[in-house]
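J.: sequence first, predicted model second:
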Amino acid sequence: FLPQLLTHPNPTDTINGEAAALMIRDPEKYASKIKEYVQMYATDIRFEDEEEEEEEEEDDDKEDSGMDSNDNDDDDEPAGKMDED
């Protein structure tokens, strides 16, 4: 269904009225706008940048929560009281 809509958009039944009007009024400008949006929102460079930001956020979250995997506490104390027999 989705590939069909992307290949053959229907400007008479659309959510984005502005895009539909542009497609009907000026198909060349519409095609140019599509290429611009693909460049801005659907290129590998954009996805790589977002992945790097997500990794940095995950690292920051680990540091803030004290869950850093490189955290070497030499504290051998048990958490809570142990029953002595």
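T.: That came in fine, so what should we check first? Residues are numbered from 1 along each chain as shown.
J.: now for Ser32, how many residues are close by?
T.: 12 (other C-beta atoms under 10 Å). The way it works is simple: take the backbone N, C-alpha and C, and place the C-beta from them, glycine included.
J.: so which strand or helix has it?
T.: Here Ser32, judged by DSSP states H and E, is contained in helix 27-41.
J.: now the helices for the chain?
T.: Applying DSSP state H to the chain gives helices spanning 2-7, 17-25, 27-41, 44-65.
J.: could you export those as JSON lines, including mean pLDDT?
T.: Listed next are these as JSON lines, based on pLDDT from 0 to 100:
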{"stretch": "helix 2-7", "mean pLDDT": "79"}
{"stretch": "helix 17-25", "mean pLDDT": "91"}
{"stretch": "helix 27-41", "mean pLDDT": "91"}
{"stretch": "helix 44-65", "mean pLDDT": "68"}
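J.: point out the most buried one among these.
T.: Ranked by mean neighbour count, the helices of the chain are led by helix 17-25 with a mean of 14 (mean count of other C-beta atoms under 10 Å).
J.: who touches that one?
T.: 9, 11-12, 14, 29-30, 33 (C-beta atoms under 8 Å, 6 or more residues apart in numbering).
J.: now it and helix 27-41, what's the angle there?
T.: Orientation of helix 17-25 against helix 27-41 (axes from the mean of the first three to the mean of the last three C-alpha atoms, to 10 degrees) gives an angle of 140 degrees.
J.: output helix 17-25 as CSV, nothing but the C-alphas.
T.: Taking Å, rounded to 0.1, in the frame of the first residue of the first chain, the C-alpha atoms of helix 17-25 are listed here in CSV:
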residue,chain,number,x,y,z
GLY,A,17,-3.2,20.1,1.1
GLU,A,18,-0.2,22.4,0.4
ALA,A,19,1.8,19.6,-1.1
ALA,A,20,-1.2,18.4,-3.1
ALA,A,21,-1.8,21.9,-4.5
LEU,A,22,1.8,22.3,-5.4
MET,A,23,1.8,18.9,-7.2
ILE,A,24,-1.2,19.9,-9.3
ARG,A,25,-0.1,23.5,-9.9
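J.: from Glu58, how far out is Glu52?
T.: Taking C-beta to C-beta, to the nearest Å as the measure, Glu52 falls 11 Å from Glu58.
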